[in-house]
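**Student:** let's see this in three dimensions:
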Amino acid sequence: MSHRASPRIGMLGGTFDPVHLGHLRSAVELSEALSLDRLHLVPAAMPPLRGEPRVSPEERLALLRLGIGDTPGLVADPRELARDGPSYSADTLASLREESGSEARLVMALGHDAFLRLADWHAPERLFELAHVVVIDRPDHEAPLPRALEALIRGREAAHAEALMAQPAGGLLRLTLPTRMAISATAVRRRLAERRSVRYLLPEAVEARILECDLYRHH
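**Tutor:** Numbering: from 1, shown residues only. Now for the predicted structure:
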C-alpha cells in the first residue's frame, strides 16, 4: 500500500478567543502545505484571563464553527471541551490516532512560541510517538533552541512535507506559511471592549454573532 493511501490528519489547537482570519488563513495554508485530508481545529477548555469578559468555551466553539463555515477540510473539534480535567495535547492526539488508525499520518501543528516550550510539556516524547510535530515559524525564528528541546527533536527534523509523511509519526517539520497575518486575539478583544471596528479581522459571520450577542464587551 503506498503511503499516500494513508489519510493525513492535522490538529491545530488554540483558545480561539475569538477565532480570527489569521487563525483560519493559517489553517488553510497548513492544509495545503501538508496536503492534509482534514485539519481539526481544537479549542482549548482554558478559561480566559480574569478581567476579560467571560465567553464560554461553548460560545468560542460556536464562533469557530461559524468562522469555518463550509471551508473544505477544516473541522471544528469539540473533544477538549468535553474532557474533564486538564486538556493535554497527547490525549487529544491519542483519541485522533485511535479514530484514524495506525497508518494515518497524524500531525500536531503549533506556533513557534509554543514550540520553544515543548520540552516542558506533559509527556513530550509521547507526542512524537503519536504524531509528527509541525512548527509554524515566524520570520525571525533563528534564535537558538533550549537545550532540552534540542535533545527532544534531535534526529527528527524532516527537510520537507513529503519526507515527513513517509512515516505515520515521529518527525518534526518547520514550516513558513505564505501569508502571515499579524492579527492578535488580544487586540481583537480590546477593540470589541472599546466598541471599535473589527471588520476584516474576523470572518463576517463571527463578527455578526459577536455583535448580536454582545460578546467581549465590558459592561
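**Student:** where do the helices of the protein begin and end?
**Tutor:** For the chain, the helices defined by DSSP state H occupy 21-34, 57-68, 79-82, 89-100, 112-116, 124-130, 147-153, 161-164, 185-193, 204-213.
**Student:** what's the closest of those to Ala44?
**Tutor:** Ala44 sits nearest to helix 79-82 of all the helices of the chain, at 5.8 Å, using Cβ to Cβ. Bear in mind the C-beta positions are built from the backbone N, C-alpha and C, glycine included.
**Student:** mind checking the helices of the chain for the one nearest to Gly13?
**Tutor:** Between Gly13 and those, the shortest separation by Cβ to Cβ is 6.3 Å, and it involves helix 89-100.
**Student:** quick revisit: now the helices of the chain in CSV, with mean neighbour count, distance to Val42 and mean pLDDT?
**Tutor:** Listed next are those as CSV, based on neighbours: other Cβ atoms under 10 Å; distance: least, Cβ to Cβ, whole Å; pLDDT from 0 to 100:
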stretch, mean neighbour count, distance to Val42, mean pLDDT
helix 21-34, 19, 11, 96
helix 57-68, 20, 9, 96
helix 79-82, 16, 5, 90
helix 89-100, 18, 6, 95
helix 112-116, 15, 13, 90
helix 124-130, 18, 14, 96
helix 147-153, 14, 22, 96
helix 161-164, 17, 20, 97
helix 185-193, 17, 16, 94
helix 204-213, 16, 17, 96
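**Student:** mind checking which of those is nearest Gly171?
**Tutor:** Checking these against Gly171 by Cβ to Cβ gives helix 161-164 as the closest, at 4.6 Å.
**Student:** about what we covered before: so which of the helices of the chain is nearest Pro7?
**Tutor:** helix 89-100 (5.9 Å).
**Student:** packing partners of the closest one?
**Tutor:** Contacts defined by 3 or more Cβ pairs under 8 Å, 6 or more residues apart in numbering; DSSP states H and E place helix 89-100 against strand 8-14, helix 79-82, strand 105-111, helix 124-130.
**Student:** what's in contact with the first one?
**Tutor:** Contact partners of strand 8-14, identified using Cβ atoms under 8 Å, 6 or more residues apart in numbering, comprise 23, 26-27, 30-31, 34-44, 77, 80, 89, 92-93, 96, 100, 104-110, 131, 134, 165.
**Student:** what does the third one give?
**Tutor:** Identification of contacts with strand 105-111 by Cβ under 8 Å, 6+ apart yields 3, 6-13, 30, 34, 36, 39, 89, 93, 96-97, 100, 118, 127, 130-136, 138, 164-165, 167-169.
**Student:** direction included, what does that strand pair up with?
**Tutor:** Using DSSP bridges, the strands paired with strand 105-111 in its sheet are strand 8-14 (parallel), strand 132-136 (parallel).
**Student:** now the first one, how far from the centre of its chain.
**Tutor:** The chain centre lies 6 Å from the centre of strand 8-14; the measure is Cα atoms, centre = their mean, to the nearest Å.
**Student:** got it, and the last one?
**Tutor:** Centroid separation for strand 132-136 versus its chain: 10 Å, with Cα atoms, centre = their mean.
**Student:** repeat for stretch 17-35
**Tutor:** Per Cα atoms, centre = their mean, the displacement of stretch 17-35 from the mean C-alpha position of its chain is 8 Å.
**Student:** next one: stretch 65-76
**Tutor:** The answer for stretch 65-76 is 14 Å, by Cα atoms, centre = their mean.
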